[in-house]
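Chemist: fold the following and give me the result.
(chains A and B)
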Amino acid sequence: MTASAVFPQPAIAAWPTPLSQTRSIARLHNVTKKYGPVTALENFSMELHAGEVVALLGPNGAGKTTAVRLLLGLISPHAGSVRVLGRDPRDSDARTRIGAMLQVSRVPEMLRVREHIDLFRSYYPQPLPTAEVIRAAKLDGFENQMFGKLSGGQKQRALFALALCGNPDLIFLDEPTVGMDIESRRALWDQIRALSAAGKTVLLTTHYLEEADMLANRIVVINKGKVVCEGTPAEIKHRVSGRRIRCITQLDLDFLRTLPSVSDVQQDREAVVVFAEHPESVVRAMLQRDESLHSLEISAAALEDAFLALTTDPAQA
Amino acid sequence: MAAIALAPQNLGIGYYARLFAKETKYEFVRMLRTRAFSLSVIGFPLMFFLLFGISNRHNGYGQYLIPGYSCMGVVSACLFGIGMGIALERAQGWLDLKQASPMPRIAYLGAKIISCASFGVVIVAALVVLGVTLGGAHVTLLQAAELAGVILAGSVPFTAMALLIALLVPANSGPGIINLVYLPMSFASGFWMPISILPHFLQKLAPALPTYHLAQLALGIFGEAQPGSNIVTHWEALTGFTLLMLGAAWMIFTRSEAKA
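Modeler: Predicted coordinates for the structure are as follows:
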């Protein structure tokens, strides 16, 4: 991902492989999905390109899981289209190339980890070898445990293992690190990076900006069923943390760019818009140098509120 | 923008056979290891037989209870194993994970039917052994085989019924509702005692119950069927019941899928 992301141009980050930019592997197009009176997704479009890791970031109830369930063909949209690998997601040919980790409250507990893996491997025509699945999910030493005896983090890893069984090209991870301690979370991040390095396409949902930042090439922020914004982690972070200062000033744009914590400066008709991490010090410096400065407004960057909801404790979100 | 399209794959018979075998094997192993299920489904008929069959070994009632309790075993295996099993797996999100995999639905259901039918056959075998050794019963090999056949076939209509229950009943109220259906049906259909000793109105009601027809088929092998019982009618009744249950389940499932 590029460190010098240019705001606010809705750029697409440079992937490691240029080819992948042009290859769409899954797509939601103008999808609307309602549950009774509640609209989970409204006119929602999203595309996954081969080889990228995309994070769907949003608070609880934003529609993340609905998007994943649509792509898995578990539910059908009221309007719009869903295509996965050029197919209807219910098509079993498409499903042989897909792996999924869903939010499962309980798994059949009286089967051993190894048996669950053996079972899921049989669902796929070209499965990964059992030993490789166990190694990739860091389940060494737990193979013969009953599923019911695993800890929360181990269960998540076992569910991750099931998602890998078919050696899929496209992997959906719905809130993969929920209920994990920091150590297991970091371990799972490593495993997701390893998938990415192996050329797999990954869609993960999360309500942690940090997690999306660590893993994704591209972040799609959604709230209340709509895309709030989309971009590389660097671009998203710029949007999250900054304040927007708008004023009419005679100061040179290039000078403003040199002020501390300024991330971007734009001309907006007669006014100047400055994005800065610490607006107080920027404004102080501007007022000292330009007595004619007027029409000053300082506001949260438009996304701030959305991100506050995203980055605060998920229990409150 | 070029989309990646998938060439159609030809998944061979070997793939499906292996998938079906594994699904069935692990479903059976899982049910067997779930002691609350396996001990009660196999345990109750055997325990009741030890209580009532052995004490009645001289008056022929012990013989009656072999087919009667076999029916009870397979019906409870299906209703609790499949009805509760699917309802729970649906509620916990496990069914979603299975549905998202390329495993065909028929394998999921087939594995459950075969597992429950296997429980039924285990119960038949155990009851026959108990009956012959302790219950004063005379069972020929042919009778035992016929009984096993009826019990195997009987797992189909009650799987269909269990499927409908799984779709209608929330998982946490499942056991109560299943008992509410299963216990009166078992009683009124002659699983435990000949219906000729039941109140008259229950005798009139019995032919409306699918369990009655299964019981008559099983009892008929031992010459214990009701007078005037007709084998063909019983098979027809069970077939009709299966179709009715499957049709209702299918309707509810497609409706919920459209809503989902």
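Chemist: alpha carbons only for contacts and neighbour counts from here, please
Modeler: Will do.
Chemist: please name the residues that touch the residue nearest to the spatial centre of chain A.
Modeler: Central residue of chain A (Cα atoms, centre = their mean): A:Ala55, 1.3 Å from the mean position. Neighbour list for A:Ala55: A:203-206, A:212, A:215-216, A:218-220 [criterion: Cα atoms under 8 Å, 6 or more residues apart in numbering or on different chains].
Chemist: what helix or strand is it on?
Modeler: For A:Ala55, the host element (DSSP states H and E) is strand A:53-57.
Chemist: and if you look at B:Gln203?
Modeler: Per DSSP H and E: helix B:200-205 holds B:Gln203.
Chemist: can you give the contact residues for that helix?
Modeler: Against helix B:200-205 from outside (Cα under 8 Å, 6+ apart): B:188, B:195-196.
Chemist: of those residues, just the buried ones, PyMOL syntax please.
Modeler: In PyMOL, this line selects whichever of those come out buried by 16 or more other Cα atoms under 10 Å in any protein chain shown:
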select buried, chain B and resi 188+195
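Chemist: out of the contacts of helix B:200-205, who's near chain A?
Modeler: Among these, no residue sits close to chain A (Cα under 8 Å from any Cα of the partner chain).
Chemist: let me know the closest of the contacts of helix B:200-205 to chain A.
Modeler: Using Cα to the nearest Cα, B:Ala188 is the member of the contacts of helix B:200-205 that sits closest to chain A, with 34.5 Å.
Chemist: ok, that closest one - contacts?
Modeler: The contact partners of B:Ala188, by Cα under 8 Å, 6+ apart, come to B:195, B:198, B:202-203, B:206, B:212.
Chemist: which pLDDT value belongs to it?
Modeler: B:Ala188 carries a pLDDT score of 82 in this model.
Chemist: try B:Leu214
Modeler: Listed pLDDT for B:Leu214 reads 90.
Chemist: helix or strand: which one has it?
Modeler: Element membership of B:Leu214, judged by DSSP H and E, is helix B:210-220.
Chemist: mean confidence for the helix or strand harbouring B:Met31?
Modeler: Taking DSSP H and E as the criterion, B:Met31 maps to helix B:13-33. The average pLDDT within helix B:13-33 is 91.
Chemist: now do that helix: everything it contacts.
Modeler: Contacts to helix B:13-33, defined as Cα under 8 Å, 6+ apart, come from residues A:108, A:110-111, A:115, A:119, A:122-123, A:125, B:37-38, B:81, B:103, B:107-108, B:110-112, B:114-116.
Chemist: now, the most widely separated pair of the contacts of B:Ala188?
Modeler: Maximum pairwise distance among the contacts of B:Ala188 (Cα to Cα): 13.1 Å, between B:Leu198 and B:Tyr212.
Chemist: which helix runs longest in chain A?
Modeler: In chain A, assigned by DSSP state H, the helix with the most residues is helix A:182-197.
Chemist: and it, what does it pack against?
Modeler: Judged by 3 or more Cα pairs under 8 Å, 6 or more residues apart in numbering or on different chains; DSSP states H and E, helix A:182-197 is in contact with strand A:201-206, helix A:209-215.
Chemist: CSV for the contacts of helix B:200-205, including secondary structure?
Modeler: As requested, the contacts of helix B:200-205 are arranged in CSV below (DSSP: H, G, I helix; E, B strand; the rest coil):
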residue, secondary structure
B:Ala188, helix
B:Ile195, helix
B:Ser196, helix
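Chemist: now A:Pro129: phi and psi?
Modeler: Per-residue torsions, A:Pro129: phi -60, psi 140 (degrees, to the nearest 10).
Chemist: sorry, wrong one. I was asking about A:Val84.
Modeler: A:Val84 has phi and psi values of phi -130, psi 120 when expressed as degrees, to the nearest 10.
Chemist: show me the contacts for it.
Modeler: For A:Val84, the contacting residues are A:25-27, A:71, A:94, by Cα under 8 Å, 6+ apart.
Chemist: ditto for A:Arg97
Modeler: A:Arg97 touches A:166-170, counting by Cα under 8 Å, 6+ apart.
Chemist: most widely separated two among those residues?
Modeler: Using Cα to Cα, the two most remote members of the contacts of A:Arg97 are A:Gly166 and A:Leu170, lying 10.4 Å apart.
Chemist: all helices for the stretch 101-250 of chain A, in order.
Modeler: A:113-121, A:130-136, A:152-164, A:182-197, A:209-215, A:233-241 (DSSP state H, counting those that start in this stretch).
Chemist: make CSV out of these and add mean pLDDT.
Modeler: Listed next are those as CSV, based on pLDDT from 0 to 100:
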stretch, mean pLDDT
helix A:113-121, 93
helix A:130-136, 90
helix A:152-164, 90
helix A:182-197, 88
helix A:209-215, 82
helix A:233-241, 71
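Chemist: let's have the ones you listed in TSV, adding mean neighbour count.
Modeler: Output for these, formatted as TSV (neighbours: other Cα atoms under 10 Å in any protein chain shown):
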stretch	mean neighbour count
helix A:113-121	23
helix A:130-136	18
helix A:152-164	24
helix A:182-197	17
helix A:209-215	18
helix A:233-241	21
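Chemist: of all those, which one is nearest B:Val139?
Modeler: So among those, helix A:113-121 is nearest, using Cα to Cα, at 39.3 Å.
Chemist: next, A:Thr39: phi, psi?
Modeler: Dihedral angles (degrees, to the nearest 10) for A:Thr39: phi -90, psi 110.
Chemist: A:Lys226 is in contact with that one, correct?
Modeler: No. Using Cα atoms under 8 Å, A:Thr39 makes no contact with A:Lys226, being 10.0 Å away.
Chemist: got any ranges where the stretch 201-317 of chain A has weak pLDDT?
Modeler: Low-confidence segments of the stretch 201-317 of chain A, defined by pLDDT under 70: A:238-242, A:300-317.
Chemist: same thing but at 50, please
Modeler: For the stretch 201-317 of chain A, the stretches with pLDDT under 50 are A:302-306, A:309-317.
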